[in-house]
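*Asks:* Generate coordinates for the sequence data below:
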Amino acid sequence: MACPCSRNRLWRSVLGDLSCPRKWQEVIVNAVTAPHALGRRGEELAVRHLATLGWHILDRNWRCRDGELDIVAFDPEADALVFVEVKTRAGLGFGDPLDAVTWRKQGKLRQLCLLWLAEHAVPAPTLRLDAIGVLLIPGEEPRLRHVKGIDGC
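*Replies:* Predicted coordinates for the structure are as follows:
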């Protein structure tokens with residue numbers, strides 16, 4: 001059975017498919033889930049990158065009431081516990097993905113590092129905060145940039 005609003009030719013001619021409330025619901029759901037899917041894809045690529053470096057992933061998407069840590073990993077070469085912030089973009093319209101890791105964001109990440117450490121008994125002589133920017137431009141190979149030690153925890 002067709003949606004009742006599809007019977008109104010005027011609205012159909014003005015709004016096309018979006019005259020149907022069911023289509024609006026689809027558009028809204030896609031608008032909400034698309035950024036999350038993009039972020040998940042970027043984080044997955046970042047995890048693969050860290051694994052190729054020989055890092056051990058200890059935690060992913062750790063959440064508390066104050067926020068979220070994308071990746072917690074151990075870098076055996078540096079003997080460091082590393083908290084990794086991943087920023088993913090589908091283009092350069094909003095600038096480089098790493099530009100989103102502002103001083104304010106770094107301060108929040110430091111707080112989250114301390115909360116994670118309070119919850120987990122992981123001995124680590126060195127703590128480090130890294131950022132990985134992932135650029136996923138349609139039709140191109142993913143580009144990944146890893147910056148180590150963006151700020152001390």
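
*Asks:* Which residue, other than its chain neighbours, is closest to residue 145?
*Replies:* residue 133 (4.6 Å; C-beta to C-beta, 6 or more residues apart in numbering). Placement of C-beta: from N, CA and C, glycine included.

*Asks:* tell me, what residue is most central in this protein?
*Replies:* residue 39 (3.5 Å; C-alpha atoms, centre = their mean).

*Asks:* In which helix or strand does the residue nearest to residue 145 reside?
*Replies:* strand 126-135 (DSSP states H and E).

*Asks:* Which helix or strand contains the residue nearest to the centre of the chain?
*Replies:* Residue 39 belongs to helix 21-52, assigned by DSSP H and E.

*Asks:* what's downstream of that helix, the next helix or strand?
*Replies:* Counting by DSSP H and E, the next helix or strand C-terminal to helix 21-52 is strand 56-64.

*Asks:* what angle separates the very next helix or strand once past that next one from strand 56-64?
*Replies:* Going down the chain from strand 56-64, the next helix or strand is strand 67-75, by DSSP H and E. Counting by axes from the mean of the first three to the mean of the last three C-alpha atoms, to 10 degrees, strand 67-75 points 170 degrees away from the direction of strand 56-64.

*Asks:* Just checking: what are the partner strands of strand 67-75?
*Replies:* Partner strands for strand 67-75, per DSSP bridges, with pairing direction: strand 56-64 (antiparallel), strand 80-89 (antiparallel).

*Asks:* Just the CA trace of the strand holding residue 133, in CSV.
*Replies:* Extracted in CSV, the C-alpha atoms of strand 126-135 (Å, rounded to 0.1, in the frame of the first residue of the first chain):
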residue,chain,number,x,y,z
THR,A,126,55.5,5.8,30.1
LEU,A,127,52.2,7.3,29.0
ARG,A,128,51.6,8.9,25.7
LEU,A,129,48.8,10.5,23.8
ASP,A,130,48.8,10.0,20.0
ALA,A,131,46.4,11.1,17.2
ILE,A,132,45.6,9.4,13.9
GLY,A,133,43.9,11.3,11.1
VAL,A,134,42.1,9.2,8.5
LEU,A,135,41.0,10.6,5.2
